[in-house]
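> Next comes the sequence, and after it the predicted model I'd like to discuss.
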Amino acid sequence: MNIKTLIVGVAAATALGGAAYAVYTLGMQRGMGMAATPVTPTAAMASAPPTGSAPMSVAQGEEATRRHIASNIKAGDLDPVTGKRVLYYHDPMAPASKFDKPAKSPFMDMMLVPVYADLDADGSQVTVSPRTQQNLGVRTALVTEGVLAPQLSAVGNIAFNERDQATVQARATGFVERLHVRATLDRVAKGQPLAELYVPDWVAAQEEFLSVRRLQGTELATLVDGARQRMRQAGMSEAQIALVERSGQTQARFTLTAPIGGVVTELLAREGMTVTAGATLFRINGLATVWANAEVPESQAALLRVGAKVQARSTAAPGAVFEGKLQAVLPEVNATTRTLKARVELANPSGLLVPGLFVQMQFIDPRIDKALLIPTEAVIQTGKRSVVMLAEDNGRFVPVDVETGIESGGQTEIKRGLKPGQRVVVSSQFLIDSEASLKGVEARLNDTPAAGSKP
């Protein structure tokens, strides 16, 4: 063997030895830094609350184990030096094996090291250095108390307000002599003439009333009241009866007038036709208020509350804002679009809103009660639960299950899981949550110590 070959061999052996030592050191550090799920090899461990963290180095852990042997401390007991409760003992090079008593490792020429109970009971807590946080762009936000004002936008179409509708019928059998309104959708004002009818049956009742009234004597007052009652039964209104009394002449013809202002939506009368008592001649819908039927996704139905204020705008009326309120959420879901229909009643004093128009609506519903609020981007939806990453001191992050409420304007209501003043992660939380999830899985896979094992 020449000198050159010998030097190469020595260099290779040195490199392999250094690599092996580096791997050993890395394993020791990872084993010591790995949090684990509290386990219960003894009754004392079952009642131990998580309070602290593991030793910082292997040397400190071995020194603590020797001290525990001398003081007869075992898993589940409180370490008087650290003030923390011991969960179990393990070899950092074989973290899957756990022991409930301090002793020498059966795997390596070293002492077992203790693992103390920590605030992170399920091993899901992670620690991120400030430099790493800066590289990841970790941002946090404060959990605050405030009033949430849900704002929901929707598109709707205008329809007649069916509660603002009037029907005009014939009160007696007669003939239509003249029509003042000849087409549907004609606008009419309250009290405007609609048609003139001739009713022959009213003539006899009116003549009887006038004849009895011309007679003198207080004993005829009962007959006068009876004749007036027969005119009412014939279908005459109080105004028509008063006209007969005032004029002293029979009124065989009378004029039908519009009871409300609006639009004639149904016209069933024509000049010259015969009508019977109770026949519908006109149907009128008012335009003072209209309905706007909005299609709202079912996922946003929780934001709808009857009585909420609504503002509507239409391209047919540029610059005009129509005020109204949510009248009802109809109990029906469109199976195709998965939307609910919200009925909004809008004031329409100028009559610009007519059926068929599309309007853009903004629901404004400020809540009175205060609630815990966090940015919506801080919430991680896993499908089964909602999670936020809670930022603690010294770069520690803990996943917390929360119960969310309504969301509006980039803010989400938190009903359970957080307290005012805490900080939550609003960026890079998915990376931290992934690390916490992997760490928790690793701890749960190794959560069964060799209870009672004697190394």
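Received the coordinates, thanks. Numbering: from 1, shown residues only.
> C-alpha only now, for contacts and for neighbours.
Fine.
> Let me know the helix or strand that residue 59 is in.
helix 58-71 (DSSP states H and E).
> Flag every buried residue along that helix.
58, 61-62, 64-66, 68 (16 or more other C-alpha atoms under 10 Å).
> That one packs against which elements?
Judged by 3 or more C-alpha pairs under 8 Å, 6 or more residues apart in numbering; DSSP states H and E, the packing partners of helix 58-71 are helix 3-33, strand 113-116.
> Each with direction, which strands does the last one pair with?
Read that as strand 113-116. If you go by DSSP bridges, strand 113-116 pairs up with strand 86-91 (antiparallel).
> next helix or strand past the strand it pairs with?
strand 94-99.
> Would you mark the buried spots in stretch 138-155?
138-145, 148-155.
> What lies in contact with stretch 212-231?
For stretch 212-231, contacts defined as C-alpha atoms under 8 Å, 6 or more residues apart in numbering pick out 202, 205-206, 208-209, 241.
> Local confidence estimate at the spatially closest residue to residue 257 that is not a sequence neighbour?
Leaving aside its chain neighbours, residue 257 sits nearest to residue 193 (4.3 Å; criterion: C-alpha to C-alpha, 6 or more residues apart in numbering). According to the prediction, residue 193 has pLDDT 94.
> Residue 193 contacts residue 259, doesn't it?
No - between residue 193 and residue 259 there is no contact, the gap being 9.9 Å when judged by C-alpha atoms under 8 Å.
> wait, what's in contact with residue 266?
Residue 266 touches 184-185, 281-284, counting by C-alpha under 8 Å, 6+ apart.
> Most neighbours out of those residues, which is it?
Counting neighbours by other C-alpha atoms under 10 Å, residue 284 comes out on top of these with 25 neighbours.
> what helices or strands is the helix or strand it falls within leaning on?
Residue 284 is part of strand 280-285, with elements assigned from DSSP H and E. Here strand 280-285 touches strand 165-169, strand 262-267, going by 3+ C-alpha pairs under 8 Å, 6+ apart.
> possible to save those strands as a markdown table with mean pLDDT and distance to residue 111?
Below are those laid out as a markdown table (pLDDT from 0 to 100; distance: least, C-alpha to C-alpha, whole Å):
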| stretch | mean pLDDT | distance to residue 111 |
| --- | --- | --- |
| strand 165-169 | 93 | 91 |
| strand 262-267 | 94 | 94 |
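> contacts for the strand holding residue 284?
160-162, 164-170, 258, 260-269.
> switch the cut-off to 6 Å
Applying C-alpha atoms under 6 Å, 6 or more residues apart in numbering, the set of residues contacting strand 280-285 from outside is 165-169, 262-269.
> List the neighbouring strands of the following helix or strand past it plus their orientation.
Using DSSP H and E, the helix or strand that follows strand 280-285 in sequence is strand 289-297. Partners of strand 289-297 in the sheet, by DSSP bridges, are strand 151-160 (antiparallel), strand 339-347 (antiparallel).
> hey, least reliable of those by pLDDT?
Among the strands paired with strand 289-297, strand 151-160 scores lowest, at a mean of 90.
> what angle separates it from strand 262-267?
50 degrees (axes from the mean of the first three to the mean of the last three C-alpha atoms, to 10 degrees).
> contacts for strand 151-160?
Against strand 151-160 from outside (C-alpha under 6 Å, 6+ apart): 290-294, 355-364.
> Who wins on neighbours among those?
residue 292 (31 neighbours).
> Quick check: nearest residue in space to that one, chain neighbours excluded?
The nearest residue in space to residue 292 (C-alpha to C-alpha, 6+ apart) is residue 158, at 4.5 Å.
> same question, residue 404
Residue 404's closest residue in space is residue 414 (C-alpha to C-alpha, 6+ apart), at 4.6 Å.
> sorry, back to before: any chance of the contacts of stretch 212-231 in a markdown table, plus distance to residue 330?
Output for those, formatted as a markdown table (distance: C-alpha to C-alpha, whole Å):
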| residue | distance to residue 330 |
| --- | --- |
| 202 | 47 |
| 205 | 50 |
| 206 | 51 |
| 208 | 55 |
| 209 | 53 |
| 241 | 45 |
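> Show me which pair in the residues you listed is furthest apart.
Maximum pairwise distance in the contacts of stretch 212-231, criterion C-alpha to C-alpha, is 12.6 Å, between 208 and 241.
> which residues are in contact with both of those two?
With C-alpha under 6 Å, 6+ apart, residue 208 and residue 241 have no common neighbours.
> so the residue nearest to residue 404 bridges to which residues?
residue 372, residue 404.
> wait, it sits on residue 407?
No - look at residue 414 against residue 407 with C-alpha atoms under 6 Å: they stay out of range, at 9.5 Å.
> Let's test this: mean pLDDT of the strand or helix carrying residue 227, rounded?
In the assignment (DSSP H and E), residue 227 maps to helix 221-233. For helix 221-233, the mean pLDDT works out to 84.
> Likewise for stretch 294-310?
Here the average pLDDT along stretch 294-310 is 86.
> and residue 165, what does it touch?
Contacts of residue 165 (C-alpha under 6 Å, 6+ apart): 284-285.
> at 8 Å what do you get?
Contacts of residue 165 by C-alpha under 8 Å, 6+ apart are 283-286.
> Please report the distance of it from residue 261.
The gap separating residue 165 from residue 261 is 10 Å, by C-alpha to C-alpha, to the nearest Å.
> Spell out which residues are contacts of both of the two.
With C-alpha under 8 Å, 6+ apart, residue 165 and residue 261 have common neighbours 284-286.
> Do a quick rundown of the strands in the stretch 101-250 of the chain.
For the stretch 101-250 of the chain, the strands defined by DSSP state E, counting those that start in this stretch cover 113-116, 126-127, 139-142, 144-146, 151-160, 165-169, 174-179, 187-188, 193-198.
> possible to save the ones you listed as CSV with distance to residue 348?
Converted to CSV, the strands of the stretch 101-250 of the chain look like this (distance: least, C-alpha to C-alpha, whole Å):
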stretch, distance to residue 348
strand 113-116, 71
strand 126-127, 60
strand 139-142, 44
strand 144-146, 35
strand 151-160, 11
strand 165-169, 15
strand 174-179, 29
strand 187-188, 14
strand 193-198, 24
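> The ones you listed: which one's closest to residue 422?
Nearest of these (C-alpha to C-alpha): strand 139-142, 5.9 Å.
> Pull up the pairing partners for the closest one, direction included.
strand 423-427 (antiparallel).
> Check what contacts the strand it pairs with and list those residues.
Contacts of strand 423-427 (C-alpha under 8 Å, 6+ apart): 137-143, 374-375, 377-379, 388-392.
> what's the spacing between it and its chain's center?
22 Å (C-alpha atoms, centre = their mean, to the nearest Å).
> One more: stretch 149-169?
Distance, centroid of stretch 149-169 to centroid of chain: 24 Å (C-alpha atoms, centre = their mean).
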